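>>> Build me a model from this:
(one chain, ligands or ions: 2)
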Amino acid sequence: MKVLAIETSCDETSISILEFDAKKRCRILANFVYSQIAVHQPFGGVVPTLAKREHQKNLVPILKLALKKAALLKKRKNTISSKKISIIKEILARDEILQQQTLDFFTQYQKPQIHFIAVTAGPGLAPALWPGVNFARALSFYWQTPLIGVNHLEGHVLANWLPKEEKVWQKINISPKIFPALSLIVSGGHTQLVLIKKLGHYKVIGETRDDAAGECFDKTARLLNLGYPGGPAIAKEAAKFQKENPFSIQLPRPMINSKDYDFSFAGLKTAVLYLIEDLKKKNVNLKKLKPLIAKEIQDSINEVLVKKTIQAAKNFKTHSIILGGGVAANENLKFLLANEVKKQLPKIQLFIPETKYTGDNAAMIALVGWLKKKSANINNWKKLEADANLRL
Ligand code: KG4
Ligand code: ZN
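Ligands and ions are numbered 1, 2, ... in the order given. Take a look at the predicted model:
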């Protein structure tokens, strides 16, 4: 069974094709992630209208690349009936560039051997989600292939079970013994602690009240002129820190001692802003202090994340902790979490995704789609909508 997945929730246009067999094995036939970082970099963050335009421009070319890599792209001249053309035009009415490219694609290539299509329905930026959803609807309609909408955050959780290498078969072994599980989802848009009683049963037990952890990395990196995306930039700068530095800086650890599982990172960003203003007033060479500040920002965010995660895992007596989302690429976070799990919860299993699957990708969407394949339906193209605020 081959699944085609599409992910456009933020600033990555991603299309993947995964194959599954009857023994619950999976192999990745193609996984293309086109990052728009260069487009958004000059603005210091994701510009939703630009993200939309980029997705519209790139979906068809990336689909062709993915199908080609999976040996599923076959040329054939097709004549599309005027009725079908008008339905496709209606589906893609608000995506003009995509509309023309999609019609051209349908006239040039035959229907590939895909069993169903999975697409990220939310959460994410509405202008970014829609082109992906509408494109998936158009493909589903024209190919008469079942369609399923997938929650992006569920993708981040399950990215932990993707095959480590492309083209290699790997058993999808999500043991019931890992439940109840606790997932820490940390990305540019979300910071959530999620209790998972069993696969597909999610309960958000805590989340950020303002900025997400990734957003805090991005915003503080911008204050330090370290560029976008801020997470990797802060991590790189923090790595330059040397202990013999004569200065010391103490940033707050927001809500670290609160009794709930919520987070708040907006105050940390403000503290960094005041710190920089103060240092500038005192004519301190900021450039020299950047590694120290970056390290303190990283420590502050990660210490709060880890403390709350361990606390929640203890209180809910979970059998495992599952890390997911873009910030899961942070080496310091992985190190701290692994250390604390080893010290305080040695019996539980810790899942950390491969770095290549921490950021947004369609492979994780295909995997969720496959696990929920019963909900894939040939008529879903008629009603599927993007939902920027979709909850787990
Ligand atoms: O999951 P993701 O790719 O997109 C969303 O769904 O938001 O996460 C992107 C976020 C960005 O805020 C980025 O700065 C952060 O993940 N990120 C990192 C690292 N790599 C990416 N944060 C900290 N350390 C990293 N190495
Ligand atoms: Zn994400």
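>>> C-alpha from now on. contacts and neighbour counts both.
OK.
>>> which helices and strands sit right next to the helix or strand residue 103 falls within?
Following DSSP states H and E, one finds residue 103 within helix 96-108. With contacts taken as 3 or more C-alpha pairs under 8 Å, 6 or more residues apart in numbering; DSSP states H and E, helix 96-108 sits against helix 48-69, helix 82-91.
>>> Please put the alpha-carbon coordinates of the last one into CSV.
Right, the one you point to is helix 82-91. Once non-C-alpha atoms are left out, helix 82-91 reads as follows in CSV (Å, rounded to 0.1, in the frame of the first residue of the first chain):
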residue,chain,number,x,y,z
SER,A,82,-14.9,20.2,-19.2
LYS,A,83,-16.9,19.2,-16.2
LYS,A,84,-13.9,17.9,-14.4
ILE,A,85,-11.9,21.0,-15.3
SER,A,86,-14.5,23.2,-13.8
ILE,A,87,-14.5,21.1,-10.5
ILE,A,88,-10.7,21.3,-10.3
LYS,A,89,-10.8,25.0,-11.0
GLU,A,90,-13.4,25.4,-8.3
ILE,A,91,-11.3,23.4,-5.7
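>>> tell me which strands and helices it is in contact with?
Using 3+ C-alpha pairs under 8 Å, 6+ apart as the contact test, the elements touching helix 82-91 are helix 96-108, helix 126-143.
>>> Distance of residue 18 relative to residue 340?
35 Å (C-alpha to C-alpha, to the nearest Å).
>>> So which of those two has more stuff around it?
When neighbours are counted by other C-alpha atoms under 10 Å, residue 18 comes out ahead of the other of residue 18 and residue 340, with 28 against 15.
>>> What strands line up against the lengthiest strand in the chain, and which way round?
For the chain, the strand with the greatest residue count under DSSP state E is strand 25-35. Counting by DSSP bridges, the strands paired with strand 25-35 are strand 12-20 (antiparallel), strand 170-171 (antiparallel).
>>> close to ligand 1, is the first one?
No. Taking C-alpha under 6 Å from any ligand atom as the criterion, strand 12-20 and ligand 1 are apart, separated by no less than 7.8 Å.
>>> Just give the number of residues close to whatever residue of the stretch 51-200 of the chain ends up closest to ligand 1.
Across the stretch 51-200 of the chain, the shortest distance to ligand 1 (C-alpha to the nearest ligand atom) belongs to residue 188, at 3.2 Å. Other residues lying near residue 188 total 22 when counted by other C-alpha under 10 Å.
>>> Please name the nearest non-neighbouring residue to it.
residue 214 (4.1 Å; C-alpha to C-alpha, 6 or more residues apart in numbering).
>>> Would you report the backbone torsion angles of that neighbour?
phi -60, psi -40 (degrees, to the nearest 10).
>>> My guess is it contacts residue 185. True?
No. With contact defined as C-alpha atoms under 8 Å, residue 214 and residue 185 do not form a contacting pair (10.5 Å).
>>> what about the residue of the stretch 51-200 of the chain closest to ligand 1, is that helix, strand or coil?
coil (DSSP: H, G, I helix; E, B strand; the rest coil).
>>> count of residues packed around residue 314?
The number of residues packed near residue 314 is 15, by other C-alpha under 10 Å.
>>> ok, now residue 309?
Number of residues near residue 309 (other C-alpha under 10 Å) recorded here: 26.
>>> Just the element for it, please.
helix 286-315.
>>> roughly how far is the helix or strand that that helix is followed by from the heart of the chain?
Downstream of helix 286-315, the first helix or strand assigned by DSSP H and E is strand 320-324. Strand 320-324 sits 15 Å away from the centroid of its parent chain (C-alpha atoms, centre = their mean, to the nearest Å).
>>> In this structure the residue of the stretch 51-200 of the chain closest to ligand 1 contacts residue 208, no?
No. The criterion here is C-alpha under 8 Å, and residue 188 misses it with residue 208 at 11.6 Å.
>>> Please, where are all the strands along the stretch 151-300 of the chain?
Applying DSSP state E, counting those that start in this stretch to the stretch 151-300 of the chain gives strands spanning 170-171, 181-186, 191-198, 201-207.
>>> Pick the most deeply packed of those strands.
Ranked by average neighbour count under the criterion mean count of other C-alpha atoms under 10 Å, these are headed by strand 181-186 at a mean of 27.
>>> Give me the residues contacting that one.
Outside strand 181-186, the residues that touch it by C-alpha atoms under 8 Å, 6 or more residues apart in numbering are 153, 156-157, 191-198, 212-214, 309, 312-313, 318-328.
>>> Pull the distance from it to the chain's centre.
Distance of strand 181-186 from the chain centroid (C-alpha atoms, centre = their mean) equals 13 Å.
>>> likewise stretch 215-226?
The answer for stretch 215-226 is 19 Å, by C-alpha atoms, centre = their mean.
>>> For that stretch, buried residues please.
215-224, 226 (16 or more other C-alpha atoms under 10 Å).
>>> again with stretch 57-72
The neighbour-count check on stretch 57-72 (16+ other C-alpha under 10 Å) flags 57-60, 62-67, 69-70, 72 as buried.
>>> Quick one: mean pLDDT over it.
In this model, stretch 57-72 has a mean pLDDT of 98.
>>> Within range of ligand 1, give me the residues from this structure.
187-189, 214-215, 217-218, 229-232, 235, 325-327, 329-330, 359-360.
>>> Sort out for me which of those are in helices.
Taking DSSP state H as the definition of helices, those contribute 214-215, 217-218, 230-232, 235.
>>> hmm, back to that, could you pull up the mean pLDDT of the helix holding residue 309?
Per-residue scores along helix 286-315 average to 96.
>>> so how far is the helix-or-strand element of the chain with minimal mean pLDDT off the chain centroid?
Every helix and strand of the chain was ranked by mean pLDDT, DSSP states H and E. The lowest is helix 37-40, at a mean of 93. Relative to the centre of its chain, helix 37-40 is centred 17 Å away, using C-alpha atoms, centre = their mean.
>>> ok, residues contacting stretch 45-64?
By C-alpha under 8 Å, 6+ apart, the residues outside stretch 45-64 that reach it are 8, 10-15, 32, 36, 39-40, 73, 95, 97-98, 101-102, 105, 125, 127-129, 131-132, 135, 218, 228-229.
>>> Before I go, just wanted to say thanks for your time.
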